Each structure stands twice: as structure tokens, then as C-alpha cells.
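**Q** Got a predicted structure plus its sequence, pasted below:
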Amino acid sequence: MITKLTEVIDNGLCCNCGTCEGVCPTNAIKLQIDRQKKEYIPVIDKSKCNNCNLCFNVCPGHNVNYKELNEFFFNKEPEDLLIGNYLNCYLGYANDKDIRFNSSSGGLVTSILIYALDKGIIDGALVTRMSKENPLEPEPFIARTRDEIISAAKSKYCPVPVNKLLREVLTSDDEKIAVVGLPCHIHGIRNIEVKNNFLKNKIVMHLGILCSHNDTFWQTDSLLNKWNIKKEEVREINYRGDGWPGNMIIKLKNGEIKRIPFSEALSQHTLWINTIFRCLFCPDLTAELSDMSFGDPWIPEIVETENKGQSIVIARNKNVNLLLSKALNEKQIHLTSLSSELVKKSGFMMESKKRDICARISIRKLFGKPVPIYHTSFQKPALKNYLRAIFVYLHAVLSSKSILKCLMTKFASIEIKLFRISGDN
């Protein structure tokens, strides 16, 4: 008999978060890159597995009980369906000009981590950088210095198994740790914290990144092919930086540096054919279960004028709200209040996450396929939401074949136009 985690993997519900590897008590699970699917797959060593099913029980791929988790961590269910529980919303950036310019959107996450480290609020932060040895692969690690935190700045548009480092968090000395992750990473950690008070006390800050979906490694591969860059030529890759919205910067081993504008470099980021399949059924754009959330301010008034970088911040409890206030007073960061309504204008995926996702789950059920268990409310889908759901679902299934994936990329402009109206009521 083998762990029920295989059901998650076989049904395409793995979100590549790494929770299973990080929590396995017998070290029986390792995430490895599947070179065909171009994403991480948990590989289970049957000789080590004792079938405790802890990995399955905390896996966010199949279960995120929003009702239970909100009540456990916030003592109530959220009044705002789109944003989740929160106290205040802000718009801000790092006062350090270099950090601000060389981050994805204002450098707030980097500055707040450095401030918390300097003040002894944390001893380290679980973050991600791109590997020096394998520059196209992410490297989660615990940063314990200012320079290490800065090395993890910028977004990574590829699968990132952050939570596999939870083993190190659980077995390290009595340190206070902050975690930076996507909604799925936060889901996995919260699932464990409900069961493990030791981890709950060790992780003192959960910084969530707004996320519409995550990309497989196929996106990066296809972009390199588009610009005639061979993988073995790449010395370093930065998906964001150089102000806002910035450039994708690729440094080659021959010393050449290629800078590609954000809009061009990540044009395929909007394509569902590049998406990790499980992301198609995630209803959480704003990392609702984090302590505070950060994301690009795609608000029309800001997009027209901003070029250095700012970030939306959603503070969800008193402790982080106080931390932000202290960092502001000590001039480490700049913050201004932002209404929740403007936050909701920051992304065309905002309502799609509560409306289109509901329709997609319904379509998947029609095919007799397992769906994630959420225990949360959705917005009622309209006819167009169901039509989009059918389009996305079939598109994702067909594009599982690499030949079809390449052909379907040619229809990118049609797909982008369809989803630019996803936030419509």
C-alpha cells in the first residue's frame, strides 16, 4: 500500500509547492523536474514510505479548508470575498533606491524582511533565488543576512517548491522565520500549522505574493527559443527588474546581456497553455491566508505614470500592521493608504478567481475528475464564465501535447483578449 498522495499526482492536482517533501517524517519524498511536463513531480521512495499519509493530509493540491483556516488564524471568516480578511490596504515602495529599482514592484518585501531581520523580529527568511549552478532552476533557501535577502528579490515565473525547505525550518535551532510564498505555499504551511504548533510558533510572518497562476518551465524554454538563446549559454536570468514594470534580464556566459521589456518577455505568461494545471482551479489571487500580501498595482492611474515600482500591500493582522507602521516611521519604506476598491481594480483576474474558477470546477466535475476541496464561497458564474471555463479546460488538456502547445501559442492574441474581460461581472 502506498500513500494517497499518488491520487493527487495522478489526477493533475499537484501545485508544485513542495509541502509533501518538507513535511514527510521519513524523508521518502523528493520533488524532481519532469522533463516532459516541465514541472516538479513528487517522487516517492516506497522503501521509506510508512503510509502515514501526513503528506496527503496537508497537501494543498487537494484540500484547503478556507472556513477552518480563517477561523483558526483570523478568528472569523472574511467579510470581503475577493480580498479575504484584512485590516488595512496600502500602496508603497522601498526607500532604498537600489532595492526599489532592482525589484519586481517597489522592493517592499525585500525591505520589510531586512527591517525585521535588523530588529530581531526574525532570524531568517524562507525565500527563493535562481540557482547559480543551474540558472534556469529556482533555489529555495533560508536567508539569514541582508545580502542573502536581496539575492532573492524579483519574481520567478517558473515552478518554485518553496515548502520543501520546511524540513530545515522544523529541524533548525530555535529561530524565528518569515516565509515568502505564493498562495499555494501559504496554503500548505497553514495546513501544517493547524496540526503542528511548533511550526506555527517558528514561522512568525507569512508574506504572500498575489498570483493569478504559476508557469511551467515550458514558458522560459519557449522564450529562450524565441530569442535564439541556448540554455547552456545562460549564466543568470532575472524575470523582472530595472524599474517597473521592468525588463527581463538574461546574462550570458560570453558576457552579453539581453534586456527584454516586461510586456514582450512575459507575453506568454497570460497563456493558459503554460500554466501548471492545478493553478486553473485555485480561487486565491491575494494569498488570503497570509499575514500580509503584496502585488503589482495594475491600477490604470498608476500604470500611466509609474516607472520606478510600487506595490499593493494588504495587512491582515495587528502585528504586521504595527511592523509596517514602525518601518514607515523609521523611513525604511514609503506607504500611503489605499482603498479596498482600488485593490480590486489592480488585476483583471480578481473576480475571475471567484467566478471563473467556480465554473471550471463544475466543468471538471462533468468530466468525472476529482476537484480540490475548499469549503469557501464563490460568486455565481454567468454564461460567459462557463464558456470561458470550457475554453480554458479544453485548451489546457489539448496543450499537454508539446506539438499542440506550440501551435496553440500562435493564437495567443485571441486568448489574451478573452481573459482581459475575465473580471467583468
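**A** Thanks, I have it. Predicted model, so just to flag it, every value in this text is computed and none were measured.
**Q** CA only for contacts and neighbour counts going forward, please
**A** Will do.
**Q** Excluding chain neighbours, give the residue nearest to Asn254 in space.
**A** Nearest residue to Asn254, sequence neighbours excluded (Cα to Cα, 6 or more residues apart in numbering): Glu233, at 7.7 Å.
**Q** just Asn70 next, same as before
**A** Glu77 (5.5 Å).
**Q** again, but for Leu207
**A** Distance criterion Cα to Cα, 6+ apart; nearest residue to Leu207, sequence neighbours excluded, is Val180 at 4.7 Å.
**Q** Contacts for whatever helix or strand the one you found lives in, please.
**A** For Val180, the host element (DSSP states H and E) is strand 177-181. By Cα atoms under 8 Å, 6 or more residues apart in numbering, the list of residues contacting strand 177-181 from outside reads 113, 122-127, 162, 169, 202-209.
**Q** Work out which residue lies at the spatial centre of the chain.
**A** Centroid-nearest residue in the chain: Leu182, 2.6 Å away (criterion: Cα atoms, centre = their mean).
**Q** which ones are touching that one?
**A** Leu182 touches Gly208, Ile209, Leu210, Cys211, Ala287, counting by Cα under 8 Å, 6+ apart.
**Q** hmm, 6 Å instead?
**A** Gly208, Ile209 (Cα atoms under 6 Å, 6 or more residues apart in numbering).
**Q** before we move on, what about the one 5 residues further on?
**A** His187 makes contact with Pro60, according to Cα under 6 Å, 6+ apart.
**Q** and the gap between it and Cys59?
**A** From His187 across to Cys59, the span is 8 Å (Cα to Cα, to the nearest Å).
**Q** just Ala28 next, same as before
**A** Applying Cα to Cα, the value for Ala28 to Cys59 is 15 Å.
**Q** Would you mind telling me which of the two has more residues around it?
**A** Regarding Ala28 and Cys59, a neighbour count based on other Cα atoms under 10 Å identifies Cys59 as having more, with 28 against 17.
**Q** Provide the backbone phi and psi angles at the more buried one.
**A** phi -70, psi 120 (degrees, to the nearest 10).
**Q** picking up where we left off before, how near is the residue nearest to Leu207 to Ile189?
**A** 11 Å.
**Q** who has more neighbours, the two?
**A** Ile189 (29 against 23).
**Q** if we can go back for a sec, which is the next helix or strand following the strand holding Val180?
**A** helix 183-195.
**Q** That following helix: what's the following helix or strand?
**A** Next along from helix 183-195, by DSSP H and E: helix 197-202.
**Q** Buried residues in that following helix, which are they?
**A** Within helix 197-202, the residues that count as buried by 16 or more other Cα atoms under 10 Å are Leu199, Lys202.
**Q** same check, this time on stretch 117-131
**A** Buried-residue list, stretch 117-131, by 16+ other Cα under 10 Å: Leu117, Ile121, Ile122, Asp123, Gly124, Ala125, Leu126, Val127, Thr128, Arg129, Met130.
**Q** Low-confidence ranges, this protein, go.
**A** The chain contains residues with pLDDT under 70 at 1-2, 267-272, 347-348, 399-425.
**Q** mind listing the strands in the stretch 1-150 of the chain by residue range?
**A** In the stretch 1-150 of the chain, the strands defined using DSSP state E, counting those that start in this stretch lie at 29-34, 39-44, 88-94, 124-130, 138-143.
**Q** closest to Ile9 out of those strands?
**A** strand 39-44 (7.4 Å; Cα to Cα).
**Q** Parallel or antiparallel, which strands does the closest one pair with?
**A** strand 29-34 (antiparallel) (DSSP bridges).
**Q** all strands in the stretch 251-400 of the chain, in order from the N-terminus.
**A** Under DSSP E, counting those that start in this stretch, the stretch 251-400 of the chain gives strands at 257-261, 292-295, 311-315, 333-337.
**Q** Include mean neighbour count when you put those strands into a markdown table, please.
**A** Listed next are these as a markdown table, based on neighbours: other Cα atoms under 10 Å:
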| stretch | mean neighbour count |
| --- | --- |
| strand 257-261 | 16 |
| strand 292-295 | 27 |
| strand 311-315 | 27 |
| strand 333-337 | 18 |
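**Q** re earlier: please produce CSV containing the strands of the stretch 1-150 of the chain, extended by distance to Ala396.
**A** Shown next, in CSV, are the strands of the stretch 1-150 of the chain (distance: least, Cα to Cα, whole Å):
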stretch, distance to Ala396
strand 29-34, 17
strand 39-44, 15
strand 88-94, 34
strand 124-130, 27
strand 138-143, 24
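**Q** just so I know, which of those lies nearest Tyr386?
**A** Of these, the one closest to Tyr386 (Cα to Cα) turns out to be strand 39-44, at 27.7 Å.
**Q** Isn't Phe294 up against Ile312?
**A** Yes: judged on Cα atoms under 6 Å, Phe294 makes contact with Ile312 at a distance of 5.4 Å.
**Q** related to what we said a few turns ago, quick one: the strands of the stretch 251-400 of the chain as TSV, columns for distance to Ala153 too.
**A** TSV is the format used below for the strands of the stretch 251-400 of the chain (distance: least, Cα to Cα, whole Å):
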stretch	distance to Ala153
strand 257-261	18
strand 292-295	13
strand 311-315	14
strand 333-337	16
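**Q** Tell me which of those lies nearest to Gly12.
**A** Across the strands of the stretch 251-400 of the chain, Gly12 has its closest neighbour in strand 292-295 (27.1 Å, Cα to Cα).
**Q** In its sheet, which strands sit next to that closest one, and in what direction?
**A** Counting by DSSP bridges, strand 292-295 is paired with strand 203-209 (parallel), strand 311-315 (antiparallel).
**Q** Can I get these in TSV including distance to Lys354?
**A** Shown next, in TSV, are those (distance: least, Cα to Cα, whole Å):
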stretch	distance to Lys354
strand 203-209	18
strand 311-315	18
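**Q** I'd like to know which of those lies nearest to Ile150.
**A** Using Cα to Cα, the nearest of the strands paired with strand 292-295 to Ile150 is strand 203-209, at 15.4 Å.
**Q** now the next helix or strand after that closest one against strand 29-34, angle please.
**A** If you walk from strand 203-209 toward the C-terminus, the next helix or strand you reach (DSSP H and E) is helix 217-226. On the basis of axes from the mean of the first three to the mean of the last three Cα atoms, to 10 degrees, helix 217-226 is oriented at 30 degrees to strand 29-34.
**Q** Would you map the helices across the stretch 1-150 of the chain?
**A** 5-10, 19-23, 54-58, 66-74, 97-101, 108-118, 146-151 (DSSP state H, counting those that start in this stretch).
**Q** what's next to the fourth one, contact-wise?
**A** Read that as helix 66-74. Lys76, Glu77, His375, Thr376.
**Q** Of those, which is the most crowded?
**A** Across these, neighbour numbers were computed from other Cα under 10 Å; Glu77 holds the maximum, 18 neighbours.
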